[in-house]
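> Structural data only, the sequence is not supplied:
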């Protein structure tokens, strides 16, 4: 994209995030057309916001999510550090228009996955993981109807991440086959979605390898960052006031509460 188009897209998206208004769409003259364009806008948006990046999310790693958004593969977005919360947090439901909920496996990196020419393998990225944590992504968009805009526009919009709530580290995760690990999303005690690790690109570690390879010609991934590997429980919208929990069985739980404000 030309600089003028990127700058205009960033101006609109930054205002929307900071003020809280919803965009019908980006104007044609500044609308990203490809995933590369979308990431170009996302890069500039993060620079404009000036907020520390705490990690990454991977969107559309499941067949369900790809069908929902009519896309053929995953895409990536930064998770800003102030949007990462510990399990048990109470958040204002009115601050999030969509309040989309997705139960996911999240990895905390113990080693850098640096830029390089050679692709990363599953075993290499697995060896770089220090912790596996249960997580719930809270999904939101600066577009009034996120399903009416293109995937490149969603990528530009920080891949629609609003928050990431993470639970305590899973014990003995190195001895567990995460592809078979089951989880359930509950809202006010009712199960609204369920799945297993294999729903994330067949294996959460393969999702991590995909991201490492997407970023190996860019900035790479850094030790201490958290990576959320995509929904295993489908997508569910919560009311402004709700108690939300993702139950990973013996592997642990993660939860938060939404409350009405004002």
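Great, that's in hand. It should be emphasised that the depicted structure is a prediction, and the values quoted were computed from it without experimental measurement.

> Kindly list the longest helix within the chain.
With secondary structure taken from DSSP state H, the chain has its longest helix at helix 3-19.

> mind listing what's buried in the helix or strand just after it?
Next helix or strand after helix 3-19 toward the C-terminus (DSSP states H and E): helix 35-49. Using 16 or more other Cβ atoms under 10 Å as the test for burial, helix 35-49 gives 35, 37-46, 49. For glycine as for every other residue, the C-beta is placed from the backbone atoms N, C-alpha and C.

> Show the backbone phi and psi for residue 126.
Dihedral pair for residue 126: phi -60, psi -40, per degrees, to the nearest 10.

> For this protein, which segments count as helices?
3-19, 35-49, 63-69, 122-127, 151-156, 204-215.

> Touching the fourth one from outside, list them.
It stands for helix 122-127. 111, 113, 203, 205-206, 208-209, 212 (Cβ atoms under 8 Å, 6 or more residues apart in numbering).

> follow-up on the earlier one: per-stretch mean pLDDT over the helices of the chain, give me the minimum one.
When those are compared on average pLDDT, helix 63-69 comes out lowest at a mean of 78.

> any weak-confidence spans in the stretch 101-250 of the chain?
Scanning the stretch 101-250 of the chain for pLDDT under 70 picks out no residues.

> The spatially most central residue of the chain pairs with what?
The centroid of the chain falls nearest to residue 57 when counting by Cα atoms, centre = their mean (3.1 Å). Under DSSP bridges, the beta-bridge partners of residue 57 are residue 77, residue 228.

> is it true that it touches residue 83?
No. Counting by Cβ atoms under 8 Å, residue 83 is not a contact partner of residue 57; they are 10.1 Å apart.

> Could you give the bridge partners of the nearest residue to residue 100 once chain neighbours are set aside?
Closest residue to residue 100 apart from its sequence neighbours, by Cβ to Cβ, 6 or more residues apart in numbering: residue 139 at 3.2 Å. Taking DSSP bridges as the rule, residue 139 bridges to residue 100, residue 161.

> Next up, the contacts around residue 139.
Per Cβ under 8 Å, 6+ apart, neighbours of residue 139: 98, 100-102, 160-162, 235.

> Could you rerun that using 10 Å?
57, 59, 96, 98-102, 146, 159-163, 231, 235-237 (Cβ atoms under 10 Å, 6 or more residues apart in numbering).

> Residue 19 too?
By Cβ under 10 Å, 6+ apart, the contact set of residue 19 is residue 142.

> The one 4 residues further on too?
Taking Cβ under 10 Å, 6+ apart as the definition of contact, the neighbours of residue 23 are 12-13, 15-16, 141-145, 149, 153, 157.

> can I get the residues you listed in CSV with neighbour count?
Listed next are the contacts of residue 23 as CSV, based on neighbours: other Cβ atoms under 10 Å:
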residue, neighbour count
12, 20
13, 25
15, 13
16, 16
141, 24
142, 26
143, 22
144, 13
145, 11
149, 22
153, 25
157, 27
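
> rewinding a little: pull out the buried members of the contacts of helix 122-127.
Buried among these (16+ other Cβ under 10 Å): 113, 203, 205-206, 208-209, 212.

> Report the two of these separated the most.
By the measure Cβ to Cβ, 113 and 203 form the most distant pair in the buried ones among the contacts of helix 122-127, at 16.8 Å.

> what's the first-to-last distance across stretch 88-101?
With Cα to Cα, to the nearest Å as the measure, stretch 88-101 spans 15 Å from end to end.

> Return the distance of it from the chain's centre.
15 Å (Cα atoms, centre = their mean, to the nearest Å).

> Please apply the same query to stretch 10-19.
Mean-position distance between stretch 10-19 and its chain equals 19 Å (Cα atoms, centre = their mean).

> ditto for stretch 192-212
The chain centre lies 12 Å from the centre of stretch 192-212; the measure is Cα atoms, centre = their mean.

> Okay, buried residues for that stretch please.
192-201, 203-212.

> which ones are touching residue 38?
1, 9, 31-32, 75-77, 150-157, 159.

> right, and residue 97 touches residue 22 too?
Yes. Using Cβ atoms under 10 Å, residue 97 makes contact with residue 22 at a distance of 6.6 Å.
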